[in-house]
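Peer 1: Sequence and predicted model, in that order:
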Amino acid sequence: MEQTFFDVFISYRRKGGSEKAQLVKSELKQRGVEEERIFLDTHSLHDGDFEQKIKVAIEQSQSVVVIISGGCFDEVKETDYWYMEIREAMLQRKKLFRFFLMALPLLQLWMFQKNFWT
């Protein structure tokens, strides 16, 4: 069993989600989660092989918060980090929490759930 260093890994799309990720982190801190137990790439990653470091951070996290914000579906491709983070969390069978911070067209939501959550 892997050792956990983070209570929460926050996954977000930089375009449209960066500020919202900061808000989620602030809310978690207000609710008693220690800052060093929250993984947010802008604070937790510094240099090196980012993809490998992200995979290790997900492995060392108890749960993953996925922020679904405006523009997050504009450029979904298998090579981007947001897609990789979600896929990795699912492969590692992490608890996933989705935060919908926008109104999504029904078709777009269905396609997202079909691709990521099933």
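Peer 2: Sure, I can see it.

Peer 1: from here on, contacts and neighbour counts on C-alpha atoms
Peer 2: OK.

Peer 1: What residues sit buried inside the lengthiest helix in the chain?
Peer 2: Counting by DSSP state H, the longest helix found in the chain is helix 14-30. By neighbour count on 16 or more other CA atoms under 10 Å, the buried set for helix 14-30 is 16-18, 20-21, 25.

Peer 1: Can you pull out the residues in contact with that helix?
Peer 2: Applying CA atoms under 8 Å, 6 or more residues apart in numbering, the external contacts of helix 14-30 come out as 10-12, 35, 38, 40, 67-72, 101.

Peer 1: and it, average pLDDT?
Peer 2: Helix 14-30 comes out with an average pLDDT of 85.

Peer 1: Give the next helix or strand downstream of it.
Peer 2: Where DSSP states H and E defines the elements, the next helix or strand beyond helix 14-30 is strand 38-39.

Peer 1: for that following strand, the distance to its chain's centre please.
Peer 2: In terms of CA atoms, centre = their mean, to the nearest Å, the centre of strand 38-39 is found 10 Å from the chain centre.

Peer 1: residues in contact with it?
Peer 2: By CA under 8 Å, 6+ apart, the surrounding residues in contact with strand 38-39 are 6-10, 25, 57.

Peer 1: Now flag whichever of these is closest to Trp82.
Peer 2: Nearest to Trp82, judged by CA to CA, of the contacts of strand 38-39 is Ile10 at 10.2 Å.

Peer 1: what are the pairing partners of the helix or strand that contains the closest one, and which direction each?
Peer 2: Applying DSSP H and E as the criterion places Ile10 in strand 6-11. Paired neighbours of strand 6-11 in the sheet (DSSP bridges): strand 38-39 (parallel), strand 61-68 (parallel).

Peer 1: Lowest-scoring secondary structure element of this structure by mean pLDDT?
Peer 2: helix 106-116 (a mean of 46; mean pLDDT, DSSP states H and E).

Peer 1: Could you check the pLDDT of Trp117?
Peer 2: Predicted confidence (pLDDT) for Trp117: 46.

Peer 1: actually Arg93, sorry about that
Peer 2: Model confidence at Arg93, given as pLDDT, is 91.

Peer 1: Likewise for Met102?
Peer 2: 52.

Peer 1: Please identify which two of the contacts of strand 38-39 are farthest apart in space.
Peer 2: Lys25 and Ala57, at 15.9 Å, using CA to CA across the contacts of strand 38-39.
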